[in-house]
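Undergrad: Quick one, structure for this:
(chains A and B)
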Amino acid sequence: MDGTEAPHKKPILATVSLAGCFGCHMSLLDADERILDVLAAFELHRSPLTDIKRFAKRCDVGLIEGGCCNDENVHVLREFRENCDVLVAVGACAINGGLPALRNEIGLEACLTEAYLEMPTGAGAEGIIPADADIPKLLDRVYPCHEVVKIDYFLPGCPPPADAFWALLTALAAGRAPDLPTELIHYD
Amino acid sequence: MPADITAILDRYGADRTRLLDMLWAVQDADGHITQPAIEGLAAGLSLSRAEIEETVSFYHFFSMQPAGRHRIYLNNDVSTQLSGRYEAVRDAFEEACGCTFGTVSADGRFGLYDTACIGMCDREPAALIDFVPFTDLTPERVAKIVASLKDGVATKSLAAAFDSGCDVVTTRWQRTGPVFDPRTAAGPSLEALFSLAPGEILEAVAASGLRGRGGAGFSTGLKWRLCRETKAATRYVVCNADEGEPGTFKDRALLTDMPHLLIEGMVAAAYAIDASAGVIYLRAEYRYLFDRLDSLIADYRKAGWLGHNIAGSGFDFDLRLQLGAGSYVCGEESALIESMEGKRGSPRNRPPFPVEAGFCGMPTIVNNVETLAAVPRILKEGADWYAGFGTEKSPGTKLLSVAGDCARPGIYEVPFGITVGEFLDMVGAEPALALQVSGPSGECINAAQSRHRRLCHEDLSIGGAMTVFSAERDLLDHMSRFLSFFIAESCGICTPCRSGNVAMKTLLERLRDGRGEQRHLADLERWGHIIAETSRCGLGASAPNPVLSSLREFPDLYAALVDGREAEMFVPGFDLDASTGDYRRIVERARSNGR
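TA: Numbers count the residues shown, from 1 in each chain, chains lettered A, B, ... in the order given. Presented below is the predicted three-dimensional model:
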C-alpha cells in the first residue's frame, strides 16, 4: 500500500489448488448468491477463478487447497506464504495430504513402476517414467501444507461446505480470528 | 514327527496353567506351533482355539509358521549398537544364511530374527542360536558358525567350542562385594534357617531394610508380612528371573554363579510366609541355564531341603522352573503371574496386589533374583551387618550391569549411595556424555553435570542396568530406539501406551529429520506426561522416561533440531532437495536400465 489509496480498501484474497481436486474451490462457489458478497468484501487476486498466475501485489488472505506432491506445489506454496499475510489450509488434502497421500504407504518407486513401466493396461508397450525438465518433480511423499510452511488457520472438510467458507471469510474480512462453531465443521 | 499331544497333555496333567510348557514341547518337536497341535491342546484343555492362539501370538519366541530349523535371534538393543560391529555382524548372518532378517532361508534351514536384549550386554554383538548364546560376534565368527551348522555340527557343541569351553557364558565380575562373591559364596546353609521361627525371618528381613532389587524398591519385609497376613489355603513364592530390561544382566550372573543363594532365599521366603510352592520364572533368553538350574533344584530335593517335611520341621515346600517365551512386559509382576497361568502376559489391574491375590488367586510374593539371593546372606551375616552398607533409606549393596562406552564392562557390586562420578571412574568411562540409568525404563542423565548425584532410592533409583554413552554417540538416535522398543513391547491394551509411544516416535523422528517445529518439542513433552500418567501399568508409565529425562538433561541437543526456528512456533523444516531425491534416483535408475 502506498498511502494514496482509500483507507478502507477491500482486503485482497488469493486462492490456489495444489495437489487437490478443485472440489474445495467448487464448494466456495457453492455459496449461491453470497458469492456476490464475497466479491463485495474481497478483491480477488491470484486465483484459478481470475486466471491471474503471478502475484502482482501483496494479499491479505491466501486459501490453499491440496497438499504438496511435487516441487512445483512447494514453490507455489512458498510464494503464497511470502505474499499473503494470512494463510489458510482448506480441506482434507491441504491439512492431511488427503487422497493423494494414499501413495505415501506404497512408496514412490512402486507407484511409478505400476503407472508407467508395468502398467496392466499397457501390455507390450514400452514404458517410460516421465522425467522432462519442464514437468514437476515428484516428492518422496505427499506433504500436508503445514509441514512445508507455517499455516495460520485450518478449515477442515472434504470439501468444507460453502457455509464454512462463508464464516471463515466474513471473519477474516472483518479482521477477526475465525472461530467456527463445531456444527459447521463436524462431519460424522 | 508331529508332536504327541496326548503325551504332552499327560506330562503337564492337562493343567491350563502349564500351557507355556506345552507350547514349548510342541514347538521343540515340530519346529513351530501347528494348527493340529493348537486344536489338540484346545480339546485337551477345554479351551477354544482362539484362547490358545492368543497366548501363542503374544510371545516373541512362539511361531505359528515354520521359522527355520535353526532359529537365529540377533540382539539389536543399545549395547550391541554401541559395539560398533552390529551392522557388519547382521550383514554376515544374512550373507551366510542366504536370507534377510525376518525371513526363513529358501531351504528352510535358517530363520533370522531381531530380538531385544538377551542379557549379554557386556559381550556384544550377541545372538541366540537355537536358544544357545553366542557372544562377542565378528563377521568372521558368524561365517564359521553358520558353516559349521550347515555341516551338521550341534549348536551346543559349537557354542562350547567358540566360547570359553564351558556351557554357560562366563560372567565378567569386575568388582565383587560383601554380599555376592562367587569365590567365597558358601554351599547349602539351610540348617540354620529351620532353627529360626518364621517370624524371626520376617523380622530379620525387615530389619535389614532390604528393598526390591528389580528397580521399584518396595520393602521386602513388608511385602512378605502382607502376604503372610492374608488368610488363604496356600501361598506362593515367585522368583522374577525375567530379566528383560535392556542393559541388565546381573541376574544372569547370579543364576550362573550363585544359583544356590536364590534357591535358599526362596526356601527362606516360603518358610517365612508359609508358602507351599515356588516358581522361578526364567526368561526364554536364559533357556540355556534351564537344565543346570533344574538339576540344582533336584539336588536340593534329594538332600531333603525341598519337598515334604523339610529337615523334620513339618514344613512342605517345593520349587519348579517356569520358562517364559519372550516378552518384556512379563517382568511386571502381575503380567508375570498371568504368564505363569498360561495366558497372555497382560498386566492386571491393581489392587488386588499379588500379596492378596496372585498366582491362581492365592497370596503370592514376587521377588527379583537379587532380592531373594540376598536373603540367605542376610540370615547368615545378620540384618545389622547388611544394613551397615549403603544409605539410610537404601541399605545394602546393589549389583550393577555395566555396558556401553567404558573400559571395564561387566558386573559390579556397590554399596547404595555411591556417586555418579565414582561410578564413572570405577568403570573407566571418561569422558562420558550420558548415562542411561536402569535401562530404557530409567533415566538418561548428563554425565558431566551429574557427577555429584547418588545411586540410591533417595536420588537416582537403580534397577541394575547402567549404559554409558560417549560424546561421539548420537544420543537422540538411541532415545528413538528406546521408543521403538516400547512400541514393540507394549501389550496394546491401553491407548496411552499403545498409541502414545508411536506418537512420540513420530514426533522425534520428524524433528531428527529436520522437519520439526518448535511446538513439536513441547508436544513431545506433553505426550510423555500423558503416557506416564494415564497408562495402565509400569511399562507405559516408564516408557517416556528416556525422552523426558534427556529433554531435561540435554536441552541443547533437542534445541538444535529446530535450529534457527526457535522463535516462531509453527515454522516447519522442509528440504526440497532431499524430498525430490527419491524421484531423481528412480528416474536415473530407469534410464540406465534403458527405460
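Undergrad: Show me where chain A dips below the pLDDT cut-off.
TA: Residue ranges of chain A with pLDDT under 70: A:1-8.
Undergrad: That one against chain B: which residues are in contact?
TA: A:71, A:74, A:108-109, A:112, A:117, A:126-129, A:131, A:137-141, A:143, A:146-151 (CB under 8 Å from any CB of the partner chain). Any C-beta I mention is one placed from the backbone N, CA and C, and that applies to glycine too.
Undergrad: Please name the nearest non-neighbouring residue to B:Arg565.
TA: B:Val571 (4.8 Å; CB to CB, 6 or more residues apart in numbering or on different chains).
Undergrad: Only whichever of the residues of chain A next to chain B are buried, select them in ChimeraX.
TA: Filtering the residues of chain A next to chain B down to the buried ones (16 or more other CB atoms under 10 Å in any protein chain shown) takes a single ChimeraX command:
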select /A:71,74,108,109,112,117,129,131,137,138,139,140,141,143,146,147,148,149,151
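Undergrad: Which ones among the residues of chain A next to chain B lie within helices?
TA: Of the residues of chain A next to chain B, the ones assigned to helices by DSSP state H are A:71, A:74, A:108-109, A:112.
Undergrad: Need the max-distance pair from these.
TA: A:Val74 and A:Glu109 (20.3 Å; CB to CB).
Undergrad: what are the phi and psi angles of the closest residue to chain A within the stretch 201-350 of chain B?
TA: Residue of the stretch 201-350 of chain B nearest chain A, by CB to the nearest CB: B:Tyr328 (28.2 Å). Torsion angles at B:Tyr328 (phi, psi; degrees, to the nearest 10) stand at phi -70, psi -40.
Undergrad: Just give the number of residues close to it.
TA: 25 (other CB atoms under 10 Å in any protein chain shown).
Undergrad: Return the residues in contact with the nearest residue to B:Thr176 once chain neighbours are set aside.
TA: With sequence-adjacent residues excluded and distances taken as CB to CB, 6+ apart, B:Thr176 is closest to B:Glu413, at 5.7 Å. The contact partners of B:Glu413, taken as CB atoms under 8 Å, 6 or more residues apart in numbering or on different chains, are B:175-181, B:397-400.
Undergrad: Provide the partner residues of B:Glu413 in its beta bridges.
TA: B:Leu399 (DSSP bridges).
Undergrad: Do you know the pLDDT at it?
TA: In the predicted model, B:Glu413 carries a pLDDT score of 97.
Undergrad: what's near enough to touch the residue nearest the centre of chain A?
TA: Nearest to the geometric centre of chain A sits A:Glu65, at 2.0 Å (CA atoms, centre = their mean). Counting by CB under 8 Å, 6+ apart, A:Glu65 touches A:15-18, A:20, A:22-25, A:90-91, A:93-94.
Undergrad: cool, and B:Ser480?
TA: Counting by CB under 8 Å, 6+ apart, B:Ser480 makes contact with B:505, B:508-509, B:512.
Undergrad: Using PDB, write down the CA coordinates of the helix-or-strand element of chain B with minimal mean pLDDT.
TA: In chain B, the helix or strand scored least confidently by mean pLDDT, DSSP states H and E is helix B:155-162, which has a mean of 79. Extracted C-alpha coordinates of helix B:155-162, given in PDB (Å, rounded to 0.1, in the frame of the first residue of the first chain):
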ATOM      1  CA  THR B 155      24.600 -75.900  18.200                       C
ATOM      2  CA  LYS B 156      25.600 -76.600  21.800                       C
ATOM      3  CA  SER B 157      29.000 -78.100  21.000                       C
ATOM      4  CA  LEU B 158      29.600 -75.100  18.700                       C
ATOM      5  CA  ALA B 159      29.000 -72.600  21.500                       C
ATOM      6  CA  ALA B 160      31.300 -74.500  23.800                       C
ATOM      7  CA  ALA B 161      34.000 -74.600  21.100                       C
ATOM      8  CA  PHE B 162      33.600 -70.900  20.300                       C
END
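Undergrad: Give me the next element, helix or strand, following that helix.
TA: strand B:173-175 (DSSP states H and E).
Undergrad: mind listing what that next one pairs with, with the direction of each?
TA: strand B:410-415 (parallel).
Undergrad: what's around B:Glu472, how many residues?
TA: B:Glu472 has 7 nearby residues by other CB under 10 Å.
Undergrad: Can you classify it by secondary structure?
TA: Using DSSP: H, G, I helix; E, B strand; the rest coil, the structure places B:Glu472 in coil.
Undergrad: Got phi/psi on it?
TA: Dihedral angles (degrees, to the nearest 10) for B:Glu472: phi -80, psi -10.
Undergrad: Compute the distance between it and B:Leu82, please.
TA: Distance, B:Glu472 to B:Leu82, by CB to CB, to the nearest Å: 10 Å.
Undergrad: How about B:Asp563?
TA: B:Asp563 is 26 Å from B:Leu82, by CB to CB.
Undergrad: and what of B:Ala159?
TA: Per CB to CB, B:Ala159 is found 23 Å from B:Leu82.
Undergrad: And the helices in the stretch 401-550 of chain B?
TA: Taking DSSP state H, counting those that start in this stretch as the test, the helices found in the stretch 401-550 of chain B are B:420-427, B:475-489, B:495-512, B:518-534, B:538-542, B:545-553.
Undergrad: Then chain A?
TA: A:23-29, A:34-41, A:71-83, A:91-96, A:108-112, A:162-173.
Undergrad: Let me see the contact set for B:Cys360.
TA: Shown in contact with B:Cys360 (CB under 8 Å, 6+ apart): B:17, B:236, B:341.
Undergrad: Neighbours of the residue of the stretch 401-550 of chain B found nearest chain A, how many?
TA: Of all residues in the stretch 401-550 of chain B, B:Arg515 sits closest to chain A, at 6.0 Å by CB to the nearest CB. Using other CB under 10 Å, B:Arg515 has 19 other residues around it.
Undergrad: Can you check the pLDDT for it?
TA: Predicted confidence (pLDDT) for B:Arg515: 86.
Undergrad: Please tell me how far the nearest residue in space to it that is not next to it in sequence sits from B:Gly390.
TA: The shortest distance from B:Arg515 to any non-neighbouring residue, by CB to CB, 6+ apart, is to B:Gly573 (4.9 Å). Note on B:Gly573: its distance to B:Gly390, by CB to CB, is 48 Å.
Undergrad: between these two, who's got more neighbours?
TA: Neighbours per residue, other CB under 10 Å: of B:Gly573 and B:Gly390, the larger number sits with B:Gly390, 22 against 18.
Undergrad: Just read off the phi/psi values of that one.
TA: Torsion angles, degrees, to the nearest 10, at B:Gly390: phi 80, psi -150.
Undergrad: does it really touch B:Ile418, like I thought?
TA: No - assessed by CB atoms under 8 Å, B:Gly390 is found out of contact with B:Ile418, at 9.4 Å.
Undergrad: still on that earlier bit, comparing B:Asp563 and B:Leu82, which residue is more hemmed in?
TA: Comparing B:Asp563 with B:Leu82 by other CB under 10 Å, the one with more neighbours is B:Leu82, at 21 against 9.
Undergrad: Return the residues in contact with the residue nearest to the more buried one when sequence neighbours are not counted.
TA: Counting by CB to CB, 6+ apart, B:Leu82 lies nearest to B:Gly404, which is 5.0 Å off, once chain neighbours are set aside. Contacts for B:Gly404 (CB under 8 Å, 6+ apart) come out as B:78-79, B:82, B:121, B:247, B:429, B:436, B:466-469.
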